[in-house]
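Show me how the following folds:
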Amino acid sequence: PQHLVALATTIKECDKILTQITAHVSNNSIKQYIRPSLTGDMTALSHKIDSAIDLKLFDGIIRKGYSDDVDEARKLKTDTKTIIDQIQKKYKEETGIASLRIKDSKHMGYTIHIAGTTHRLK
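A predicted model of the protein is given here:
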């Protein structure tokens, strides 16, 4: 990501340099070859990088709202407790087992625990 930001910065600086060069060149036939070399796709790339990446963000590099997929992955990372609670509630309702719990084991990941020994499923 830092390299992309550096690329965007370089594109902007090159554009500034080309603007200064073309201001001092009087021959129009030379100007027509200098200016188009950086406009269009490169400037668009610079803007796209700026809109997508923010190195100041704590929980990621891609700006919130730039990509629905990245936002969903970020939500899975940050809202795990809420998501597990929703799954637990759903399983309790589907099975009718009030004592069903989803717990996080450091060694095995998430596991389903049911207190008692016999339960009749819905």
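
Next up, the contacts around residue 54.
Contact partners of residue 54, counting by CB atoms under 8 Å, 6 or more residues apart in numbering, are 61-63. C-beta: built from backbone N, CA, C; applies to glycine.

Which of these has the largest number of neighbours?
Counting neighbours by other CB atoms under 10 Å, the top entry in the contacts of residue 54 is residue 62, with 17 neighbours.

Quick check: pLDDT value at the closest residue to that residue other than its chain neighbours.
Distance criterion CB to CB, 6 or more residues apart in numbering; nearest residue to residue 62, sequence neighbours excluded, is residue 70 at 4.8 Å. If you check residue 70, the pLDDT there is 81.

So which bits of the helix or strand where residue 70 lies are buried?
Using DSSP states H and E, residue 70 maps to helix 68-78. Burial within helix 68-78, assessed by neighbour count using 16 or more other CB atoms under 10 Å, is assigned to 70, 74.

distance of the residue nearest to residue 62 from residue 82?
19 Å (CB to CB, to the nearest Å).

just for the protein, where's the confidence low?
1, 29-40, 55-60, 117-122 (pLDDT under 70).

please redo it, this time with the cut-off set to 80
Low-confidence segments of the chain, defined by pLDDT under 80: 1-5, 15-43, 50-63, 74, 77, 106, 116-122.

Give me the helices and strands touching the top helix by length along it, please.
Scanning the chain for the helix with the most residues, using DSSP state H, yields helix 2-24. Judged by 3 or more CB pairs under 8 Å, 6 or more residues apart in numbering; DSSP states H and E, helix 2-24 is in contact with helix 28-34, helix 41-52.

Excluding chain neighbours, what is closest to residue 112?
Using CB to CB, 6+ apart, the nearest residue to residue 112 is residue 102, at 5.6 Å.

Could you tell me which strands sit next to the host helix or strand of that neighbour in the sheet, and their orientation?
Take DSSP H and E as the rule and residue 102 turns out to sit in strand 100-105. If you go by DSSP bridges, strand 100-105 pairs up with strand 109-114 (antiparallel).

Appreciated, that's everything.
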